[in-house]
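Visitor: what follows is a predicted structure for the sequence shown.
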Amino acid sequence: MVKIYVMATCPDCVSVKRQAEGDKNYQLVDIGKNVRDLKEFLLLRDSNPAFDAVKAKGSIGIPCFVLDDGSVTLSPEEAGLKSRKTPEMAACNIDGSGC
């Protein structure tokens, strides 16, 4: 099962969440709903090199996918989903570049 960290106000997450909802191959974890889940995500983000590039840009790093083998990716395609192609709402970063 692929664990996906998302947040309801993130446009990239909204797109991924729509695709994964109801699919038993995915576990959605909304980091905005529970502090425990937020802390779990932050520990992963702070300790995993998959986030180095996004942190350098000032991005959050969501949606984040923890694959069956434990590896971490920020690519929906690597988790069997599609990236957001059109804007659904304002992007997360101040510069409009995404989450």
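Guide: Arrived safely.
Visitor: what about the strands in this structure?
Guide: Secondary structure of the chain (DSSP state E): strands located at 2-6, 26-30, 64-66, 72-73.
Visitor: in CSV, list the C-alpha atoms belonging to the longest helix along the chain.
Guide: Among the elements of type helix in the chain, defined by DSSP state H, the one spanning the most residues is helix 35-47. Provided in CSV are the C-alpha atoms of helix 35-47 (Å, rounded to 0.1, in the frame of the first residue of the first chain):
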residue,chain,number,x,y,z
VAL,A,35,-0.9,17.0,14.7
ARG,A,36,0.3,13.4,15.1
ASP,A,37,0.2,13.0,11.3
LEU,A,38,1.9,16.4,10.8
LYS,A,39,4.7,15.4,13.1
GLU,A,40,5.1,12.0,11.3
PHE,A,41,5.4,13.8,8.0
LEU,A,42,7.8,16.4,9.3
LEU,A,43,10.1,13.7,10.7
LEU,A,44,10.1,12.1,7.3
ARG,A,45,10.7,15.4,5.6
ASP,A,46,13.5,16.4,7.9
SER,A,47,15.3,13.1,7.6
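Visitor: run the chain-centre distance for that helix.
Guide: Using Cα atoms, centre = their mean, to the nearest Å, we find the averaged C-alpha position of helix 35-47 to lie 12 Å away from the chain's own average C-alpha position.
Visitor: how about stretch 12-30?
Guide: Mean C-alpha position of stretch 12-30 versus that of the full chain (Cα atoms, centre = their mean) differs by 10 Å.
Visitor: buried residues, that stretch. List them.
Guide: Residues of stretch 12-30 classed as buried by neighbour count (16 or more other Cβ atoms under 10 Å): 12-17, 19-20, 26, 28-30. Using the backbone N, CA and C atoms, a C-beta is placed for each residue, glycine as well.
Visitor: can you count the residues close to Gly80?
Guide: Other residues lying near Gly80 total 14 when counted by other Cβ atoms under 10 Å.
Visitor: need phi/psi at it.
Guide: Main-chain dihedrals, Gly80, degrees, to the nearest 10: phi 90, psi 20.
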